[in-house]
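take this sequence and fold it.
(chains A, B, C, D, E and F)
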Protein chains: 6
Amino acid sequence: MYSDLPVDQLAGYLGSQTDPAGFDGFWEETLAEAQKHPLDVVLEPAASALGTLRVWDVTFNGYGGERIRAWLRVPAEASGPLPGVVQFVGYGGGRGDVHENLFWASAGFAHLHMDTRGQGAGWSRGATPDASGSAGPQGPGVMTRGVTDRHTYYYRRLFTDAVRAVEALQSLDLVDSSRCAAVGGSQGGAMALAAAALAPGLSAVAAYVPFLSDLPRAVQITDAYPYRELRDYLAVHRGQPEQVMQTLQYFDAVNFSRRARIPALFSVGLRDEVTPPSTVYAAYNNYAGPKELLVWPYNGHEGGGIEDEVAAAGFLRRVLAGN
Amino acid sequence: MYSDLPVDQLAGYLGSQTDPAGFDGFWEETLAEAQKHPLDVVLEPAASALGTLRVWDVTFNGYGGERIRAWLRVPAEASGPLPGVVQFVGYGGGRGDVHENLFWASAGFAHLHMDTRGQGAGWSRGATPDASGSAGPQGPGVMTRGVTDRHTYYYRRLFTDAVRAVEALQSLDLVDSSRCAAVGGSQGGAMALAAAALAPGLSAVAAYVPFLSDLPRAVQITDAYPYRELRDYLAVHRGQPEQVMQTLQYFDAVNFSRRARIPALFSVGLRDEVTPPSTVYAAYNNYAGPKELLVWPYNGHEGGGIEDEVAAAGFLRRVLAGN
Amino acid sequence: MYSDLPVDQLAGYLGSQTDPAGFDGFWEETLAEAQKHPLDVVLEPAASALGTLRVWDVTFNGYGGERIRAWLRVPAEASGPLPGVVQFVGYGGGRGDVHENLFWASAGFAHLHMDTRGQGAGWSRGATPDASGSAGPQGPGVMTRGVTDRHTYYYRRLFTDAVRAVEALQSLDLVDSSRCAAVGGSQGGAMALAAAALAPGLSAVAAYVPFLSDLPRAVQITDAYPYRELRDYLAVHRGQPEQVMQTLQYFDAVNFSRRARIPALFSVGLRDEVTPPSTVYAAYNNYAGPKELLVWPYNGHEGGGIEDEVAAAGFLRRVLAGN
Amino acid sequence: MYSDLPVDQLAGYLGSQTDPAGFDGFWEETLAEAQKHPLDVVLEPAASALGTLRVWDVTFNGYGGERIRAWLRVPAEASGPLPGVVQFVGYGGGRGDVHENLFWASAGFAHLHMDTRGQGAGWSRGATPDASGSAGPQGPGVMTRGVTDRHTYYYRRLFTDAVRAVEALQSLDLVDSSRCAAVGGSQGGAMALAAAALAPGLSAVAAYVPFLSDLPRAVQITDAYPYRELRDYLAVHRGQPEQVMQTLQYFDAVNFSRRARIPALFSVGLRDEVTPPSTVYAAYNNYAGPKELLVWPYNGHEGGGIEDEVAAAGFLRRVLAGN
Amino acid sequence: MYSDLPVDQLAGYLGSQTDPAGFDGFWEETLAEAQKHPLDVVLEPAASALGTLRVWDVTFNGYGGERIRAWLRVPAEASGPLPGVVQFVGYGGGRGDVHENLFWASAGFAHLHMDTRGQGAGWSRGATPDASGSAGPQGPGVMTRGVTDRHTYYYRRLFTDAVRAVEALQSLDLVDSSRCAAVGGSQGGAMALAAAALAPGLSAVAAYVPFLSDLPRAVQITDAYPYRELRDYLAVHRGQPEQVMQTLQYFDAVNFSRRARIPALFSVGLRDEVTPPSTVYAAYNNYAGPKELLVWPYNGHEGGGIEDEVAAAGFLRRVLAGN
Amino acid sequence: MYSDLPVDQLAGYLGSQTDPAGFDGFWEETLAEAQKHPLDVVLEPAASALGTLRVWDVTFNGYGGERIRAWLRVPAEASGPLPGVVQFVGYGGGRGDVHENLFWASAGFAHLHMDTRGQGAGWSRGATPDASGSAGPQGPGVMTRGVTDRHTYYYRRLFTDAVRAVEALQSLDLVDSSRCAAVGGSQGGAMALAAAALAPGLSAVAAYVPFLSDLPRAVQITDAYPYRELRDYLAVHRGQPEQVMQTLQYFDAVNFSRRARIPALFSVGLRDEVTPPSTVYAAYNNYAGPKELLVWPYNGHEGGGIEDEVAAAGFLRRVLAGN
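This is a model prediction of the structure:
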């Protein structure tokens, strides 16, 4: 039975995540370190059965100068500068097959679909390793990889990759760097919000059912994975909750939302047991820029599905037209 | 644990389905009846966010002259006659959103995505009713709707719709009627095989993990739905097995395979518990035309996923080029 | 864990269902239309192994003049006019075997056990089709069959059948038409409440753990089928909630309860996850006639089981004695 | 997926249970001991809402002279000697409510429905304790109560109760002691087979989906409870398999079947995971008297349900008419 | 999702269990009756592979003078009087193997590990029967054995065994009877709390995630076994809730906590669905002696695991040093 | 239902794993590389509540010179050289708490309990990172970390750690290096078998229900994790089966068994769905040294539990006495 907050309390719910003192410094330092590596974007034409789109296999330097993969898809006929969208992937998946995810390019965007380091063996295929390894014991999945220290935490590397992907997109000739947006669902939504706060040149963001939001509450109320990974870990490492919770402050979508200023579209599924609605509202309600929210009352973690994407395309058309 | 036939017996397995005396007459009569209704294909331009493709909302007369919906997607720039592909949908789904399933048109085909009568509320959206109702008691789903008589069985109506969809595709100006194929997965695969046997002008077929195949065995070995619907029904209607099994003979993919002569591509997942591998092999091994089989040893009912589609596109390019 | 309303709030809970303007007109029109068909009750003696009871296979005209089946069971020795009880069946089942459900006739009632159109292949056998078919896409089961319009909704047909079954019972020589009641559990309880509001000559009603009650809340709080069918449908047809919810107003037991005036017995299981207790209380608390409630604190959807039936028999003896 | 023996091997399967040397002596001694207690059948009229039947609350001395409860139901009008049927109950249940199980008396039999010691809190209510307690550690349920020694095993007591119930039935004035039968499903079927072998005056037996049959195989092939209770016990008491298996020999329906000579009706569900079909066939194929088998190909442990009962009534009518 | 009381309400939650009039008299009488049997502690050296510990197989007279088994483990080199700890076992288990549970003796305690009558076939092995049998129908497990009367309830016997085990421990030469404590988790925790209230010479107690606490709430809020056994029973025996709830008052840890005066350590897992946190807090908050509570925010019914044991050893060292 | 090989075929089953050409060279090279790092064993006394045992927190250089943690436990009174046993841990766990796993030292062995790199957050706590990271995409868990190349595969690192742990044990003053054995269950059993083949000075091995054995069959027949990780991975990376299967040849317990010559004790649970019995028999039947097998017919993956350990202690006493 439904057991998150009553629907009428969601609209005002601000979440339980605090904003740690060193948040900005930590990310400045992290990005500065990454930017010591030249971006080094390389585009290889990708063979495909597609006629209406052209696709490239892209690599660029992410966190630690490690090579991150992505697909770039654009309309086959496109020449002039296009609005750009970088898409981030949900938990466990990768950038998938070259023939999948044709929507954004078919809709006229230069679509950079970033791969996820060390994932990509769950529901869609990836090709990018996470070379850094674990800094301590960890459970299955990446939620607890290096979680005892914000410097070693997996998501430090992944969010840095996301910021660099935005730079990579903006660096392309085909792309109008003043009209670039980040989109993604679940983990991809969290990454999009991180990019919204951290990537200077971004113009808009769409985050569907974002994950990694209001983590102190998330880890309490839901039994579902991947949030459950944290609980499983802390059930065994009983002495570490404080330490782990301190790390998580630096990666919570709520804290990125507090810092972002660009127009944003969110979506939430009121039956979502993976990223429970209150946690999504926490990110939305704290978002510091202009914002809209798609509420799907009968949906779970699938949210609006294709309808989120179509709404996002419309939203971006509107917002980016102003740039 | 794995409990279908050992892998080395699959290659020679011919299935347990018999070929009933009146099969051909039944289908001739059924199609003749349907063809009394003019096809009456209507194309309405569909609004979309897509730039590289054009989409129409199509309706035509299916079984009983009832209006069947479909999407037609073609490359935006296409003018001359294109190879055509009609796609049928898996159990429970419908033709989906206008922005989904962009692969075939992006790959250069005129892509008619037929809706499924009275389904379309499961994993993808539909818009076509099944006006005929049930001819007796039935369980949830459509597997037992009218199953006591081949004339009232749900799949009589649906397979007739499929044949008429092929006609509809071939009737289009943009389409080269001599280069048309049917594709589909699971229920859609069964429909594609039915069309391969029944629709005269079809040139090729691709059936991924086809459903409704070797039904006497299927209903015995798997506990999974939708085959389980038949078992549930017969567990309550204990006096009807013979009658029901007689009906099913007229709709078994094995019997369509025995009659088809056009080149065919199949796929099978060796871990498939929904359409167990032996049942797929039964259809494949009985297929009377040139044929190829993609074997996915570690996959379940998802089969090859996008890789089945890409392989099918390659297969169709090759086969249709000869026409 | 338990997550419906706290027990002390149930007694006062009035539900969330509104009473739509056209409710009475809709049902008057619906019944008037049905009554254009003569009832045409036909009784065929049913062969059975029973000695203490006589059984007939009954048919009569329900919604649309379609033939509805039922069993009529009476004490073998009965001659004079008997009190009559019409029983409606729970979701998925049918009237069952002639040798089942012997309680009511053994207890001295003329017992008309109405079959359920297009169900009867789940936990008990039926024999009545739902000839009208679907008016659009639908999920498995009947909860979403025609649900976008109150005129095409499945339950319009079924509730009309229920009213006509009362008429059929009252038309029998063996029956004292001034002492007739409707009983049923779950879906059967909803039908009994509909009959209590719509069938003029009924004298009492017993509704165990009634289904289809307080639907706006039911669809929110429980994950269990069959209420879940509505959520599954709306999760795919994201644009239809308002339309669907409007339809449901005309079929909600709360709205029938508001109109019924005859004595009623309800039961509720406080651990019921199929028809959660708050939804049953909503029907009970809105019931406009004299009423009693059996509360089973440790039971789920089975409610009081045979004890509900025995209590209902006692209740009917008391109430009908006054007629 | 289905993983018991292939259907064509079931007909010849004789099981894996051996016939221990002291079987007959053990049961002679057990029954002799029980018969030292006078049967002392007491009938108290039971209040009920039923008009066509009369019911008594019966007690008699079972194993150890402990008082065993039962319901006796007969047609209200019956006077002369009736054919008698004693019914035994499935695992976990008891004799139920006075208003349940009306079939046999309604069909003209004197119906003694025996309660099950120390069960009766699962799916139907009982009223009889198992005063003897456990002779060692045991798991939940009764399958391992006293299982290390045939003298202390729970089923020694229960099967003795069953034999005494037959005596109790035959002792009644209303009953024609030369036309008495035992019936039951699952555990009740095993008890009926035990009674068929051990109760001298019985004339026929009907055992639906009998439990406790071919125990060495049963405990190997199925994961379902209650057979699983034995496996759970032996997984912890790793040194006791031999001892436990020796005890079980004395309670296996296969060994009772080898000794029974009266006409018997069996039923089997080919999808039964609780009492897998091979174990039922083992009892049937070893049955030493005239026998018939109802095979339900699409049913699980529910077997033929009411159709088993109706078939049994017809079978008994035929068989007992000869007496 | 989490659905027990909000964490901030737990600290003040006093539970819903009332304190029945005859509680003290009932237990005085029960223990007096047991003490009519001499304790008769017998120690047999137990063969083992252990070098650092010596182990004896202990028996003593428990409830009804029935022989209860236990292991006694002490450091091999110990001679002088040791602090003693009696440990009680969780639901379904027994005293286990001689080579298990080496912590307490390795830490320098004389460790009496008491077996549990009639259990010991679940997750660990036992060797003690529950000779008294059931006083009525019961479900699987022991929660409903004799539950309709406090005199016949299973836990009357088990708690009496626990008190006598304390006496047995204190009677040993190797043990300093003024420094004895009781420990246990779950059911063992309930037993430890009962011993704390009932066994006069005990000096301290440690109860991890205690079971059988605040039973009126426990049976309402959780779906998990073994509390669920009570609900299953009452769902069938619908007329007995009052009677059963009266019995349970005499065995609720809340009522023992109200009477205990010795120092106590509790633990609670905030994600515990077996003994939900509110029920543990009810026992803790009512505890009448000096007390400490270990709160494990991310743990379920495993609580602190070994960390509970190590904390308890430290706690006992501190507390017993004062004696 | 049981669906591995029939029991009578297990005794002769040799498995499906082939022995790749470069196996010996690969491991020689791997170990040689590791041995370039000095072992550098460091012992820190570990604080504990234990009196009968002394414990040290041990670190040494494993694969890549990374620091591996372990506990060393010995009898408190021990001085002279003790027989040594190194224990490896099952999947997901770590070396646990200092107060756990007291059996081996209490039984007189010097017990080195090695931690598992990058695990230790599942069912028991660890403290050792896996610094090397992933060499490509991977699923949750470690089964697919670096699996596309034997040089990058996770188990190359872990098995090397195991060999170095043996060296570390043998290097200790308290240990008689001529009487050292390796033990472990599941993953720990696979590691013990690897050590038996690769660590020159080892004298005996005990492998309970060993994992990572007959991998080509394991990945086919069971649905259970962790073998399922491989299937999940290959279901997404459909092009990699050959490559992955080649890697796995170098880590299969069958191939280590073929090379080991020291006396070995195995155990197998015939109901084991995690490491199905046929896969364990494949390792056992190929084992090239003297060997014994404990068969637990009613156990799953828990095998003999403590009885495996006690049997192993007896086995080692016997075998090591000869050294």
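
who's in contact with the residue in the stretch 51-200 of chain A positioned nearest to chain D?
Nearest residue of the stretch 51-200 of chain A to chain D, counting by C-beta to the nearest C-beta: residue A:123, 24.7 Å away. The way it works is simple: take the backbone N, C-alpha and C, and place the C-beta from them, glycine included. Shown in contact with residue A:123 (C-beta atoms under 8 Å, 6 or more residues apart in numbering or on different chains): A:90, A:92, A:93, F:236.

where does the stretch 201-323 of chain A come near chain B, residue by residue?
When proximity is defined as C-beta under 8 Å from any C-beta of the partner chain, the stretch 201-323 of chain A approaches chain B at A:306, A:307, A:309, A:310, A:313, A:314, A:317.

same deal with the stretch 1-150 of chain A?
Going by C-beta under 8 Å from any C-beta, the residues of the stretch 1-150 of chain A near chain B are A:49-53, A:75-77, A:96-97, A:99-100, A:102-103, A:105-108.

what segments of the stretch 101-250 of chain A are helices?
Using DSSP state H, counting those that start in this stretch, the helices of the stretch 101-250 of chain A run over A:103-106, A:154-170, A:187-198, A:215-221, A:227-236, A:241-249.

can you give me the buried ones in the fifth one?
Neighbour counts using 16 or more other C-beta atoms under 10 Å in any protein chain shown place A:227, A:228, A:229, A:230, A:231, A:232, A:233, A:234, A:235, A:236 of helix A:227-236 among the buried residues.

quick check: nearest residue in space to the closest residue to chain C within the stretch 151-300 of chain A, chain neighbours excluded?
Closest residue of the stretch 151-300 of chain A to chain C, C-beta to the nearest C-beta: residue A:298 (3.8 Å). Spatially, and ignoring its direct neighbours in sequence, residue A:298 is nearest to residue C:234 (3.8 Å; C-beta to C-beta, 6 or more residues apart in numbering or on different chains).

same question for residue A:186.
residue A:90 (4.0 Å).

how many neighbours does residue A:36 have?
9 (other C-beta atoms under 10 Å in any protein chain shown).

okay, it and residue A:61: tell me how far apart.
10 Å (C-beta to C-beta, to the nearest Å).

and residue A:101, what does it touch?
Residue A:101 neighbours (C-beta under 8 Å, 6+ apart): A:71, A:73, A:87, A:111, A:113.

show me what contacts the nearest residue to the last one once chain neighbours are set aside?
Take residue A:113 and drop its neighbours on the chain: the residue closest to it by C-beta to C-beta, 6+ apart is residue A:71, 4.5 Å away. Remark: with contacts taken as C-beta under 8 Å, 6+ apart, residue A:71 is in contact with A:46, A:55, A:56, A:57, A:58, A:95, A:96, A:98, A:101, A:111, A:112, A:113.

ok but the fourth one is inside a strand, no?
In other words, residue A:57. Yes. Under DSSP: H, G, I helix; E, B strand; the rest coil, residue A:57 falls within a strand.

that one is in contact with residue A:69, isn't it?
Yes. Between residue A:57 and residue A:69 there is a contact under C-beta atoms under 8 Å: 7.0 Å.

looking at these two, which one has more neighbours?
Neighbour tally, residue A:57 and residue A:69, criterion other C-beta under 10 Å: the higher count belongs to residue A:69, 22 against 17.

who does that one bridge with?
With DSSP bridges as the criterion, residue A:69 is bridged to residue A:59.

against chain E, how distant is it?
To chain E, residue A:69 is 35 Å away according to C-beta to the nearest C-beta, to the nearest Å.

so what's that residue up against?
By C-beta under 8 Å, 6+ apart, the contact set of residue A:69 is A:57, A:58, A:59, A:95, A:114, A:115, A:126, A:127, A:128.

from residue A:44, how far off is it?
To residue A:44, residue A:69 is 10 Å away according to C-beta to C-beta.

need the residues touching each of those two.
A:57, A:58.

and the helix or strand harbouring residue A:34, average pLDDT?
Assigned by DSSP states H and E, residue A:34 falls within helix A:23-35. The pLDDT scores in helix A:23-35 average 98.

please name every helix or strand in contact with that helix.
When contacts are defined as 3 or more C-beta pairs under 8 Å, 6 or more residues apart in numbering or on different chains; DSSP states H and E, helix A:23-35 packs onto helix A:154-170.

would you confirm that residue A:146 contacts residue A:152?
Yes. Between residue A:146 and residue A:152 a contact is recorded at 3.4 Å, counting by C-beta under 8 Å.

who's more crowded, those two?
The residue with more neighbours, out of residue A:146 and residue A:152, is residue A:146; 22 against 18, by other C-beta under 10 Å.

so who does that one touch?
Counting by C-beta under 8 Å, 6+ apart, residue A:146 has contacts A:132, A:134, A:135, A:136, A:138, A:152, A:153, A:154, A:156.

count the neighbours of the third one for me.
A count of neighbours around residue A:135, defined by other C-beta under 10 Å, yields 19.

and it, how far is that from residue A:116?
Distance from residue A:135 to residue A:116, by C-beta to C-beta: 19 Å.
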